[in-house]
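Colleague: Sequence first, then the predicted structure, then my questions.
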Amino acid sequence: MSYLKLYVLLLLFASTVSYAGSEALEKVKFQLQWKHQFEFAGFYAAKEKGYYKDAGLDVEFVEYDKETNILKEVLYGRAHYGVLYSSIIADYLNNEPVVFLANFFKQSPLVLVTQKGISSPADLKGKVVMGVSDDIQNITLLSMLSKFDVKLKDLTTVQATFNNDDFINKKVDAMAVFTTNETYELNKKGIKYNILDPLVYGLKYYDVNLFTSKSELQNHPQRVKGFRDASIKGWEYALSHKEEMIDLILEKYNTQNKTKDALRFEARLIEQIMLPNVYPIGSIDIQRVKSIAENLVQSGFISGPKDKNLEALIYDYKKTLLVLTESEKKYISEKNYIHMCVDPAWMPFEKIENSHHTGIGKDFVEIAHQALGLEIRLVPTSSWSESIAFAKERKCDIFSITAPTKSGLEYMRFTSPYLEVPLVIATQLDKPSVISVDSLENKKVAVVKEYALKEIIKEKYKNLEIVEVESLEEGLKKVQEGKVYGVADSSISIGTFFQSGKYLNLKISASFDEKLPLGFAIRNDDAELFNLFQKVVDNISKEQKHSILSNWFAIKNEKGFDYDLLIKLSLTGVLVLLIILYRQYTVDKINKELQRKMQEELLKSNNQTKMIFHQSKLISMGEMLENIAHQWRQPLAQINSAVLIIDDMLYEKKIKNINIEEKLLEIESLTSYMSKTIDDFKNFLNKEKEKEHFNLSELIERSVYIVKGTLKANNIEISWDCNQDILCYGYQNELQQVLVVILNNAKDVFIARNISNPKIEICIQNDDGHCKISICDNAGGIEDAFIDKIFEPYFTTKHKSQGTGLGLYISKMIIEESMNGELNVSTSKKGTCFYITMKENHG
């Protein structure tokens with residue numbers, strides 16, 4: 001089999017499996033420990049950037065109010081997760097069934113601000129202090145006072161008013177505040193004060209501690225892991241995109257009516273107390289927990305056993321065991337073993353070989369066996385139809401890997417899927433590829449008897465005529481013989497047969513909209529057994545799935561295959577395929593259709609003003625961009641999936657190569673850029689979009705990174721003076737598109753003219769509050785006859801295969817119409833310079 005076909009097969013495998021559960025989101029409530037503010041920005045990021053959704057979760061944030069008992073909200077099931085102070089440690093020692101999932105603030109921001117004459121906790125005796133009580137939430141302040149032998153009875157305490165007026169008016173001598181919040185207002189008003197910080201006196205307490213209940217962990221271990229991981233990922237994003245998160249809070253979460261400056265102040269201090277360069281975000285130090293516990297004991301907040309194992313409080317994210325009830329344990333001990341039927345010929349999912357079960361399904365069965373300690377005995381059958389007959393006769397208790405069907409519900413119950421795979425149709429090579437199965441009229445398609453796909457086709461694709469076969473191999477042979485138009489099955493199982501080299505005259509020509517959900521099936525008269533296997537599915541980790549899929553997707557060849565060569569071919573092939581997909585699925589169709597529509601607009605607008613013509617062009621372009629976006633998504637997703645699989649393969653084989661890793665990162669960056677390109681162009685006329693502050697130097701670096709591979713390949717030197725931090729205001733993604741267009745144009749001219757020592761120079765400056773960028777090359781300049789036309793639509797000096805002449809036209813509209821700036825050009829015999837000016841620098 002040729003390397004090209006092998007590569008395509010690898011890519012097919014890489015792009016066809018997804019983890020189940022991505023569509024049906026579980027609703028969970030998350031109890032916050034205060035009102036909405038930057039303190040919870042990481043959690044907002046996890047929701048808004050889709051990290052919770054990726055974990056299968058639809059998260060609702062619940063704000064704190066004075067009647068809220070956060071601990072009880074979670075333990076009583078009114079909320080699934082919550083954040084608390086270090087009091088969570090005391091709760092555990094007091095025998096509350098809590099689980100400490102992650103810590104985000106390595107230092108507590110709770111301090112006392114005092115009037116200028118008070119410089120030590122000892123000075124507070126006899127003073128009026130606001131917001132300090134014997135509540136455990138004040139443990140940090142109480143511990144600090146205790147070090148100086150100051151007790152609550154030594155103070156005149158008043159309830160917190162949650163504003164600074166009494167302190168400003170000197171009605172109180174001290175008050176409890178969070179350095180991330182109240183001190184901003186004091187600073188803004190020029191109020192003088194001292195800070196008494198427990199940290200200065202050696203009291204290192206955690207804050208913003210993510211926790212849940214033991215029952216949540218026991219019943220939903222994967223949900224717990226998913227929520228924790230997504231929250232950590234959210235905080236990583238939030239700290240790297242503080243301005244974006246501030247804008248998000250102002251737009252959607254600003255119940256306290258904070259100003260942008262106040263949120264910036266809070267964000268800056270929060271990053272300092274999270275210490276992300278010292279501690280991994282979300283990490284919990286057991287020694288710190290023990291130290292906090294000792295302080296809690298000494299302060300008298302612990303009524304339970306003081307020597308309780310604190311390690312049992314902390315969630316072990318590396319290993320979560322299946323937790324069984326006493327009833328389930330009894331069932332397993334009495335049952336001893338169960339019988340299993342499988343599909344004897346459905347690789348790579350499963351087959352029976354020499355009386356043994358093998359395949360992906362076998363690996364998931366092994367997970368169940370290890371988790372339950374239940375022997376699972378194979379019942380040999382000769383076909384899937386026979387396996388179904390045995391299940392109806394109760395000769396087998398489970399199916400290892402199958403999709404739910406209506407007919408199957410008469411004798412089986414189906415667990416949640418642990419995999420989802422795309423469904424496709426394979427045909428002879430001379431048959432045209434189609435975008436949708438709906439377009440195939442009156443075609444005979446082979447389907448394995450009793451497969452779930454048969455029901456899908458009968459219900460939704462009445463345009464197809466089903467021809468039943470006993471096995472996928474029989475169906476493929478019928479396609480080769482011309483007895484049927486195609487055979488329908490999962491892309492993975494068809495791809496496995498393609499790998500054998502027996503079906504070189506076949507190809508995949510169409511894909512279904514649906515994916516095939518695969519999981520266990522359990523006899524429907526045994527509820528206990530079903531609950532056990534459902535619990536197994538819920539507990540299967542992403543790491544376990546990765547391991548299984550990587551094992552089967554690292555293509556095996558009985559004749560022996562050079563694995564290193566496969567990786568090299570794959571890496572090269574991804575880049576090649578990126579270009580092929582881009583050209584095949586977008587350029588030709590875009591050019592023809594866009595030109596047709598634009599020409600229609602030109603004909604219609606002969607007697608109209610230039611403004612009306614201009615608007616018409618934009619409408620046409622918007623329509624086409626919608627179509628382009630639809631066509632780009634799938635191939636780009638496939639490419640990214642291929643990168644992930646290759647990355648896993650390298651990891652599994654313990655192959656470390658800096659050049660390969662850089663190329664993988666470059667591919668991910670390119671595909672991410674391409675994915676955003678259409679959305680950015682599509683949205684640039686949207687009047688409801690919002691501008692944002694961004695660092696111009698960082699944007700230049702990201703833009704250069706997008707094209708650095710092709711510049712390096714053509715020995716083009718690029719330099720940029722981006723040492724100064726210039727904060728600009730506008731649509732940074734759209735500006736990046738413009739920069740990439742200009743850089744690519746320069747590259748094309750260098751190549752076309754075979755310029756020696758090609759160079760591009762980028763400079764930025766802040767001129768009287770305006771952000772300015774200049775991009776200059778030494779490619780010999782633009783001819784005088786063309787200089788006035790370069791921003792016109794469809795004007796290009798390139799061959800039609802290299803461009804459409806829309807890049808600079810759209811770039812000028814982005815800068816001048818969308819961003820209220822200017823895009824100009826100057827040229828000389830030496831080269832060309834483009835000048836971008838953004839006139840707005842504030843929100």
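Modeller: Nice, I can see it.

Colleague: Distance-wise, check residue 426 relative to residue 516.
Modeller: Distance, residue 426 to residue 516, by Cβ to Cβ, to the nearest Å: 15 Å. Where C-beta positions appear, they are placed from N, C-alpha and C, glycine not excepted.

Colleague: Then residue 457?
Modeller: Separation of residue 457 from residue 516 (Cβ to Cβ): 12 Å.

Colleague: Likewise for residue 510?
Modeller: Counting by Cβ to Cβ, the gap from residue 510 to residue 516 is 15 Å.

Colleague: same check, this time on residue 781
Modeller: Distance, residue 781 to residue 516, by Cβ to Cβ: 58 Å.

Colleague: When those two are compared, which one has more neighbours?
Modeller: residue 516 (23 against 17; other Cβ atoms under 10 Å).

Colleague: if I've got this straight, that one is in a strand?
Modeller: Yes. Under the criterion used here (DSSP: H, G, I helix; E, B strand; the rest coil), residue 516 sits inside a strand.

Colleague: what comes up buried for stretch 807-818?
Modeller: Within stretch 807-818, the residues that count as buried by 16 or more other Cβ atoms under 10 Å are 807, 808, 809, 810, 811, 812, 813, 814, 815, 816, 818.

Colleague: Is the fourth one part of a helix or strand, or is it coil?
Modeller: Secondary structure state of residue 810, per three-state DSSP, is helix.

Colleague: what's the distance between it and residue 717?
Modeller: For residue 810, the distance to residue 717 (Cβ to Cβ) stands at 27 Å.

Colleague: got it, and the third one?
Modeller: Applying Cβ to Cβ, one obtains 28 Å for the distance of residue 809 from residue 717.

Colleague: what's the answer for the second one, then?
Modeller: Using Cβ to Cβ, one gets 23 Å for the distance from residue 808 to residue 717.

Colleague: before we move on, what about the fifth one?
Modeller: Distance of residue 811 to residue 717, computed by Cβ to Cβ: 23 Å.

Colleague: ok, for residue 80, nearest residue in space, not its chain neighbours?
Modeller: Leaving aside its sequence neighbours, residue 80 sits nearest to residue 28 (Cβ to Cβ, 6 or more residues apart in numbering; 4.2 Å).

Colleague: Off-centre distance for the helix or strand where the one you found lies?
Modeller: Using DSSP states H and E, residue 28 maps to strand 26-31. Its chain's C-alpha centre and that of strand 26-31 lie 19 Å apart, by Cα atoms, centre = their mean, to the nearest Å.

Colleague: ok, it: who's next to it in the sheet?
Modeller: Strand 26-31 has its sheet partners listed here by DSSP bridges as strand 57-62 (parallel), strand 81-84 (parallel).

Colleague: ok now do residue 75, which residues does it touch?
Modeller: By Cβ atoms under 8 Å, 6 or more residues apart in numbering, the residues touching residue 75 are 96, 97, 98, 213.

Colleague: re the thing from before, out of the strands paired with strand 26-31, flag the one nearest residue 493.
Modeller: strand 57-62 (31.1 Å; Cβ to Cβ).

Colleague: Distance from stretch 322-330 to the middle of the chain?
Modeller: Here stretch 322-330 is found 35 Å from its chain centre; the criterion is Cα atoms, centre = their mean.

Colleague: Flag every buried residue along it.
Modeller: Buried residues in stretch 322-330, defined by neighbour count with 16+ other Cβ under 10 Å: 322, 324, 328.

Colleague: State the pLDDT value of the second one.
Modeller: It refers to residue 324. As predicted, residue 324 sits at a pLDDT of 81.

Colleague: Can you tell me the SS state at it?
Modeller: Going by three-state DSSP: residue 324 is coil.

Colleague: measure it to residue 523 for me?
Modeller: For residue 324, the distance to residue 523 - Cβ to Cβ - is 20 Å.

Colleague: Which parts of the stretch 701-843 of the chain are helices?
Modeller: Taking DSSP state H, counting those that start in this stretch as the criterion, the stretch 701-843 of the chain contains helices spanning 732-753, 807-813.

Colleague: buried residues in the first one?
Modeller: The reference is to helix 732-753. In helix 732-753, counting by 16+ other Cβ under 10 Å, buried: 732-750.

Colleague: and what of stretch 410-426?
Modeller: Applying 16+ other Cβ under 10 Å to stretch 410-426 flags 412-426 as buried.

Colleague: which element is the nearest residue to residue 220 once chain neighbours are set aside on?
Modeller: Distances taken as Cβ to Cβ, 6+ apart place residue 538 nearest to residue 220, at 6.7 Å, with adjacent residues excluded. Assigned by DSSP H and E, residue 538 falls within helix 527-539.

Colleague: Which residues outside that helix are in contact with it?
Modeller: Applying Cβ under 8 Å, 6+ apart, the external contacts of helix 527-539 come out as 220-223, 320, 322, 324, 327-328, 331-332, 335, 338, 367-368, 371-372, 374, 397-398, 413, 415-418, 519-520, 522-524.

Colleague: If any of the residues you listed are buried, give me the ChimeraX selection for them.
Modeller: Only the buried members of those end up in this ChimeraX selection, burial being decided by 16+ other Cβ under 10 Å:
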select :220,221,222,223,320,322,324,328,331,332,335,338,367,368,371,372,374,397,398,413,415,416,417,418,519,520,522,523
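
Colleague: Next step: the contacts of helix 527-539 restricted to helices.
Modeller: Judged by DSSP state H, the contacts of helix 527-539 include 221, 222, 223, 327, 328, 331, 332, 335, 367, 368, 371, 372 as members of helices.

Colleague: Please determine how far the nearest residue to the fifth one once chain neighbours are set aside is located from residue 545.
Modeller: The reference is to residue 328. Using Cβ to Cβ, 6+ apart and skipping the chain neighbours, the partner closest in space to residue 328 is residue 532 (6.0 Å). According to Cβ to Cβ, residue 532 and residue 545 sit 20 Å apart.

Colleague: can you redo the contacts of residue 75 as TSV with distance to residue 229, pLDDT and neighbour count?
Modeller: As requested, those are exported to TSV (distance: Cβ to Cβ, whole Å; pLDDT from 0 to 100; neighbours: other Cβ atoms under 10 Å):
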residue	distance to residue 229	pLDDT	neighbour count
96	24	93	17
97	22	95	15
98	19	96	23
213	18	96	22
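
Colleague: Fine by me, thanks again.
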